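**Student:** Quick check, what structure comes out for this input:
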Amino acid sequence: MAINELHAIYPNRNSELRSVAKQCFEFGQTIAREPSAAHTNGLDAHAIARQKQYIAHATDMIESLNASPIPDMPATHPTQMPIDFSVEYIYFVEDLNGNKVPMNEATQLLAEKWLLTACELAKSNSAAMAGSLVEFDYLRAINNVASIEKLLTEIENRPFLDLPETAQPGSAHGPRSGGKK
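**Tutor:** You can find the predicted model right below:
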């Protein structure tokens with residue numbers, strides 16, 4: 001499945017899960033909009049710090065959702081609370097294969113991992129329940145966030161590359177804040 005096929009509207013009955021999935025989706029949109037996305041590779045220190053906050057927040061949300069008892073409300077819980085991921089991440093450009101990707105491999109990977117985490121939650125068995133998470137959905141969500149954390153650690157440990165000769169000219173990204181135009 002192509003990454004752009006994950007941008008869809010998913011049916012949902014679990015309001016707490018919906019909130020967690022939407023926030024993970026937002027985290028992916030945010031990294032796609034980072035000024036770092038206009039660099040050839042790597043992330044600025046502020047982008048790394050922000051991602052660490054998102055990882056901690058996502059882990060806390062998943063742990064909290066999992067700790068909630070599964071409510072027994074067959075006649076009262078909502079039957080349809082769609083999760084709308086149909087709007088693709090902005091500030092993407094087109095690669096040679098026609099795929100929409102950010103300029104920067106690091107931001108692309110992080111954005112895709114956040115989208116995959118959000119979609120895994122949105123498409124999980126737990127999305128059909130009134131609340132909480134079933135065990136394997138919880139383990140999958142925690143594993144997905146751990147893979148984001150591992151990727152961020154790898155990005156943070158790599159040197160920030162200066163590759164002006166290979167950077168794509170005519171980037172759709174604006175200049176960094178505070179920079180000259």
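**Student:** Identify the residues contacting stretch 129-142?
**Tutor:** By C-beta atoms under 8 Å, 6 or more residues apart in numbering, the residues outside stretch 129-142 that reach it are 13-17, 20, 59, 62-63, 65-66, 68-74, 77, 117, 120-121, 124-126. Yep, even glycine has a C-beta here, placed from its N, CA and C like the rest.
**Student:** Please list the members of these that lie in helices.
**Tutor:** Secondary structure defined by DSSP state H assigns 15, 16, 17, 20, 59, 62, 63, 65, 66, 117, 120, 121 of the contacts of stretch 129-142 to helices.
**Student:** Look up the closest residue to the residue nearest the centre of the chain, ignoring the ones flanking it.
**Tutor:** The centroid of the chain falls nearest to residue 114 when counting by C-alpha atoms, centre = their mean (2.0 Å). Excluding the flanking residues, the one nearest residue 114 by C-beta to C-beta, 6 or more residues apart in numbering is residue 28, at 3.1 Å.
**Student:** How many neighbouring residues does the one you found have?
**Tutor:** For residue 28, the count of nearby residues is 24 (other C-beta atoms under 10 Å).
**Student:** Surely it and residue 108 touch.
**Tutor:** No: assessed by C-beta atoms under 8 Å, residue 28 is found out of contact with residue 108, at 10.3 Å.
**Student:** tell me, what's touching the two both at once?
**Tutor:** What both residue 28 and residue 108 touch, as defined by C-beta under 8 Å, 6+ apart, is an empty set.
**Student:** Is residue 42 in a helix, a strand, or coil?
**Tutor:** Secondary structure, DSSP: H, G, I helix; E, B strand; the rest coil: residue 42 is coil.
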